[in-house]
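Student: take this sequence and fold it.
(chains A, B and C)
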Amino acid sequence: MLELQGLDKSFGAVHVTRNVSMKLERGERRVILGPNGAGKTTLFNQIVGELTPDKGTIHLAGQDVTGLSMAGRARQGLSRSYQKNTLFDGLTVEENLGLAAAVHTGHATRLWSDSLAKPEVREIVAEVANQVNLMPYLHAKVSEVSYGVRRQLEVGVALATRPMVLLMDEPTSGVGPEMSKGFHDLLNNLPRDLTILIIEHDMDLAFDVADTITVLNYGEVVFDGLPEAARGSKLLKEIYLGSWQDA
Amino acid sequence: MFRHNTLRYGALVLLAAGALAHAFTAGYFGLEILTEILILAILVLALDMVAGFGGMVSLCHGALMGVGAYAFALLSTKAGISVPLSMVAAVAITGAGAWVIGTVCARSHGIYFIMATLAFGQMAYSYVFEAPIFGGDDGLGGISRPDLSLVGIDLDDSRSFALFCLAALALVYGAAVITLRSGLGRSLSGVMHNAQRMRALGLTVWRVKADVFGVSGMIAGLAGVLAAQHSMYISPGLLNWTVSGEALVVVILGGLGTLVGPLVGAAAFVVLKHEVSALTSYWHLVVGGILIAVVLSRANGIFGWVEARWGAKLDRRLADTTRGTEAQEVTGDA
Amino acid sequence: MDLGFWTLQALNALQLSMLLFLLSIGLTVIFGLMHFVNLAHGSLYALGAYFGASLAAAGGYWTGFFLAPVAVMAVGLVLYTLLIRRMRKSGPMAQVLVTFGLIFALLDLTRIVWGDLGLPMNAPDILSGRVAFLGIEYPAYRLFVVALGLGVFAALAYVLSRTQIGAMIRAGVDNDAMAACLGINVERLFFIVFCVGCALAGLAGTVAAPLLSVTPDMGLHILIPTLIVIVIGGLGSLKGAIAGSLIYGFVQTFGAVLAPQLASMLIYGLLAAVLVIKPAGLFPAKG
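Tutor: Residues are numbered from 1 along each chain as shown, chains lettered A, B, ... in the order given. Sure thing, here's the model as predicted:
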């Protein structure tokens, strides 16, 4: 579904992404872990289209999207949520979801009718609101709801474009442990054929929701496999905690 | 995205009533001033659409109005095309020009966007000033108003023309509301909030900006057509950037992003100009002072200030009274 | 079109460039350093011309030449304290609007003090003749303007690259927050730069007065060329100001003689192109 081949990126002398390759099957949930500075966000931005890799290719459902703009990739079925809430603050929850849904259905550029009144748009809005538990808040303004609800909306907006692949950047950032559990439930609520790639810091959450785990360190992939294998890995312990145990 | 509220409806009703009352009671000069207000109102409506609802502050809208005026004048007086057709063509030409400007400037922001529109406006100004077909500094005359004798209306009569312009303003207001409430209008609002996010959702952002700028240009073009018909003579000064600057002042004075505010601003501005000019020739000092005062006050112009102070209360009061009546109906027979 | 013709046009272009340079250097450093868009800069230029003309009428050209910039600097000081300091943190639109309001206000204030008619100002006697230069006879005063512009450029280049204060200014333009952390009194630096910028605008006005007519709207006429210069040249840098001035001066002068109908459109087209492709200009101070 999503295939990265030999991605490489440097900023001047700093080599941030080193020959990263990855393959995600349809419906797979993969978490990318790695200490600070490992290059997770840069990799993320290359997949999403905010940065252009120096080398390598990105394929989405078999199509080469490496040269495609961010908007182009979104139209091909790629969607992303932000670590920092990037919502439309003056609008209601419903309107936020509606904006995204309208882009997907094509009503976002029509001059003669209100996109939010269209049945196709309303259908998506209702479906996504159910998936991310936003039904009680539909008519509330974003500025009026709690941080946790805003985090849910952040995911909701990304889902409202009915993507094939969803990229989530630290989705539980700033959220307490009960909310994290809620996130686990939320992910289980999502359509099973949706491919999800998550950048996370929270190891427990990662092991909880992931089908597969990729670990980055200094820009390169140092581990790629099942969560159980990662759990006992001495390499991982070293990367995260440093090797200051007795030899 | 644009919504009406009680205050906005009220203001619209008051403005319309005032305009109609004035149209039927005023003498020649009063009607001239009314027409001036109505044409300016159409222009600033166009500007508020892009500046207040799209975050695209334009200093070329005066030039767009001028393009509409000159296109109409040339088509109807020199190309021999009928007046109604020339009007439509002029509006379309201006809209197309605005669309191109919107496209070219779509990726510029803030002060750079303002200056880019200024550059394009001045380009149009210098072209019109220098190309002989436009008559240069002498301008173009002999412009005529539409012939509505079939419906018994003589637009050469000041009152009829003023009402004609009022009808045009109503039409344009409706068009602006429809545009801002459409899918395109909602997307514009999203773009203004966070263009990057809209891109990440798959929206072609430049196209949205250009399309709205195009619609706004059409409206500005209509203002130009009416201005040409009003004075039956036009000169290049219509396209100078100071005209665009004054339009911006009016929008700020009335209330950016309220759609109704600029209408209030237009009325206030023209009336003030005539009153002050009668007393002193230092009208620019007054405009400058007012502009500085409005910006420093951090209020959103006259209407914006009124809305901020009383708008919410008025809505709540109205909601309470209706709720009260319902409650009474329910418990009435107790 | 012989060598004499080209020399004449080149000198005219150079003179226009130098005049614009005097105006634009102040504006560009103010924009680059303070991120403040001062549309009223042209009005200060007009004030310089008026002060210059009045002072010259009382005490001769050189009185105007030396005192007018000081007078304009004083006006700038007042504007800074009353208005501009408050607007520094505001967004670009608020700054555009306030300085736009200032243009209108200063326009009429000029008319109130000096009336509506143009003021005459003559070049000083020692510069009122012509000089034989590269095969033609060129007005001495215009050569003086060129020399003055180049002199100011040289002086500023020295100050910016060789002195402590120059280094501080460049640091402030590059990153004002960081410069403040390093202990540089950025606020005071802004104030000094602003005052010098105003003085230079006043100087430009005084120097231009014998060449152009001193009218209330001269500030409006020069504003757009100045904006074009700093946008094309690049914001915040000396190199940008001189480059932009030269480009404008030469395109405008040669355009006017070679393709008069296209000249204005050409320069605005160039501006639009730069704004869209390289918004920070050709030689910006940063980025």
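Student: at the geometric centre of the chain, which residue do we find?
Tutor: If you meant another chain, say so; for now it's chain A. With the centre of chain A defined as its mean C-alpha position, the nearest residue by CA atoms, centre = their mean is residue A:168, 1.6 Å away.
Student: neighbouring contacts of the helix or strand where residue A:121 lies?
Tutor: Element membership of residue A:121 [criterion: DSSP states H and E] is helix A:119-131. Helix A:119-131 is contacted from outside by A:93-94, A:97-98, A:101-102, A:104-105, A:107, A:115-116, A:134-135, A:138, A:156, A:159-160, A:162, A:186, A:189-190, using CB atoms under 8 Å, 6 or more residues apart in numbering or on different chains. Where C-beta positions appear, they are placed from N, C-alpha and C, glycine not excepted.
Student: which neighbouring elements make contact with the helix of greatest length in chain C?
Tutor: With secondary structure taken from DSSP state H, chain C has its longest helix at helix C:3-34. When contacts are defined as 3 or more CB pairs under 8 Å, 6 or more residues apart in numbering or on different chains; DSSP states H and E, helix C:3-34 packs onto helix C:41-59, strand C:136-139, helix C:140-162, helix C:164-174, helix C:186-208, helix C:218-233, helix C:238-258.
Student: apply 6 Å and report the result again.
Tutor: The elements that helix C:3-34 packs onto, with contact taken as 3 or more CB pairs under 6 Å, 6 or more residues apart in numbering or on different chains; DSSP states H and E, are strand C:136-139, helix C:140-162, helix C:164-174, helix C:186-208, helix C:218-233, helix C:238-258.
Student: now for the first one, which elements pack on it?
Tutor: What that stands for is strand C:136-139. Using 3+ CB pairs under 6 Å, 6+ apart, strand C:136-139 sits against helix C:3-34, strand C:130-133.
Student: quick one: distance of it to the chain centre.
Tutor: 25 Å (CA atoms, centre = their mean, to the nearest Å).
Student: and that strand, what's its mean pLDDT?
Tutor: For strand C:136-139, mean pLDDT is 83.
Student: contacts for whichever strand or helix holds residue B:96, please.
Tutor: If you go by DSSP H and E, residue B:96 is part of helix B:83-105. For helix B:83-105, the surrounding residues in contact (CB atoms under 6 Å, 6 or more residues apart in numbering or on different chains) are B:64, B:67-68, B:71-72, B:75-76, B:113, B:116, B:120, B:146, B:209-210, B:213-214, B:217-218, B:221-222, B:225, C:276.
Student: just the pLDDT for the residue nearest to the centre of chain A.
Tutor: Per-residue pLDDT puts residue A:168 at 91.
Student: how much space separates it from residue A:210?
Tutor: Distance from residue A:168 to residue A:210, counting by CB to CB, to the nearest Å: 12 Å.
Student: and for residue B:20?
Tutor: Taking CB to CB, one finds residue B:20 at 69 Å from residue A:210.
Student: just the buried positions in the helix holding residue A:121, please.
Tutor: Within helix A:119-131, the residues that count as buried by 16 or more other CB atoms under 10 Å in any protein chain shown are A:121, A:122, A:124, A:125, A:126, A:128, A:129, A:131.
Student: who in the stretch 51-200 of chain B is up against chain C?
Tutor: B:57, B:104, B:108, B:110-112, B:116, B:119-120, B:122-123, B:126-127, B:130 (CB under 6 Å from any CB of the partner chain).
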